[in-house]
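A.B. asks: just to be clear, the model below is a prediction. Sequence and coordinates:
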Amino acid sequence: MTDRFIVARLSLEGDKFELIVKPDPALDYKLGKKVDISNVLVSDDIYSDAQKGSRASSEKMMKHFKTTDSVEVAKQILARGELNLTTDQRRKMVEEKKKQIVQFINKSFVDPRTHLPHPIVRIEAAIDESRVVIDPFKKADDQTKAVVDAMRKILPLKSEVAKLTVTVPPQFAAQSYSVLKSTGDLKGEEWLADGSLKAVLEMNASFKGQFLDRLGSVTKGSAEVKED
């Protein structure tokens with residue numbers, strides 16, 4: 001593909017489905033903006049390999065999408081699949097996510113030697129040196145911990161530590177576990193008799209607000225959080 005056209009792809013149980021789409025309308029559609037699907041698609045052909053021109057079979061579309069309507073299948077591929085961004089699109093999105101992460105670190109952490117925030121340019125340089133990968137589609141909040149962990153080998157960072165005891169009802173325990181693991185350090189976990197999860201979590205205090213928002217979203221506000 002060229003920068004004029006790109007591929008959206010989705011793999012399901014080993015079967016591949018691909019679309020040829022227009023870069024900017026496809027990205028807007030993927031990001032949830034109101035874009036008519038007809039302005040996204042170069043054609044409504046569904047491929048198993050767009051590069052070779054191999055079309056997906058009706059049987060496989062029916063198996064995975066419960067329809068052979070190519071427009072409906074295209075909508076699902078765009079919503080659930082991956083978009084092969086142009087170089088320029090990827091660069092702009094990564095730069096924007098990086099900017100948000102850098103600003104958060106600048107406001108939330110200090111140099112333990114001076115007790116002052118690190119300058120923006122120093123944080124940017126440390127991110128580059130750490131070679132941490134920034135996902136253009138993932139929320140900046142969900143990537144900050146991984147970036148900070150990678151940077152600590154290069155740049156000394158200090159912030160207050162919050163210790164939380166979290167109890168999650170059984171119906172949300174499994175979904176919440178990944179939120180706990182990705183936000184802080186699990187110092188203890190216990191699966192209670194009723195299936196609830198009780199965990200002791202230590203995290204950078206600056207992550208507490210976004211953690212509570214994410215946990216509240218996953219558990220519909222039903223989790224109990226106590227700060228020690």
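C.D. replies: Sure, I can see it. Numbers count the residues shown, from 1 in each chain.
A.B. asks: the strands in the chain, which residues?
C.D. replies: 6-12, 15-21, 47-49, 54-55, 82-83, 161-168, 185-191, 197-204, 224-227 (DSSP state E).
A.B. asks: Throw the ones you listed into JSON lines and include mean neighbour count and mean pLDDT, thanks.
C.D. replies: Glycine gets a C-beta too; all of them are placed from N, C-alpha and C. Compiled in JSON lines, those are given as follows (neighbours: other Cβ atoms under 10 Å; pLDDT from 0 to 100):
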{"stretch": "strand 6-12", "mean neighbour count": "18", "mean pLDDT": "96"}
{"stretch": "strand 15-21", "mean neighbour count": "22", "mean pLDDT": "97"}
{"stretch": "strand 47-49", "mean neighbour count": "16", "mean pLDDT": "96"}
{"stretch": "strand 54-55", "mean neighbour count": "14", "mean pLDDT": "96"}
{"stretch": "strand 82-83", "mean neighbour count": "18", "mean pLDDT": "94"}
{"stretch": "strand 161-168", "mean neighbour count": "18", "mean pLDDT": "93"}
{"stretch": "strand 185-191", "mean neighbour count": "12", "mean pLDDT": "92"}
{"stretch": "strand 197-204", "mean neighbour count": "19", "mean pLDDT": "91"}
{"stretch": "strand 224-227", "mean neighbour count": "12", "mean pLDDT": "94"}
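A.B. asks: which one of these lies closest to residue 141?
C.D. replies: Taking Cβ to Cβ, strand 197-204 is the member of these nearest to residue 141, at 12.6 Å.
A.B. asks: got CSV for the strands of the chain, with distance to residue 147 too?
C.D. replies: Shown next, in CSV, are the strands of the chain (distance: least, Cβ to Cβ, whole Å):
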stretch, distance to residue 147
strand 6-12, 27
strand 15-21, 30
strand 47-49, 35
strand 54-55, 39
strand 82-83, 22
strand 161-168, 18
strand 185-191, 16
strand 197-204, 12
strand 224-227, 24
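A.B. asks: quick one: which of those strands is nearest residue 31?
C.D. replies: Among the strands of the chain, the nearest to residue 31 by Cβ to Cβ is strand 82-83 (9.7 Å).
A.B. asks: from the middle of its chain, how far away would the closest one be?
C.D. replies: 13 Å (Cα atoms, centre = their mean, to the nearest Å).
A.B. asks: which strands and helices sit next to that strand?
C.D. replies: strand 6-12, helix 23-30 (3 or more Cβ pairs under 8 Å, 6 or more residues apart in numbering; DSSP states H and E).
A.B. asks: quick one: the shortest one to strand 15-21, angle?
C.D. replies: Going back to what we said before, that points to strand 6-12. 160 degrees (axes from the mean of the first three to the mean of the last three Cα atoms, to 10 degrees).
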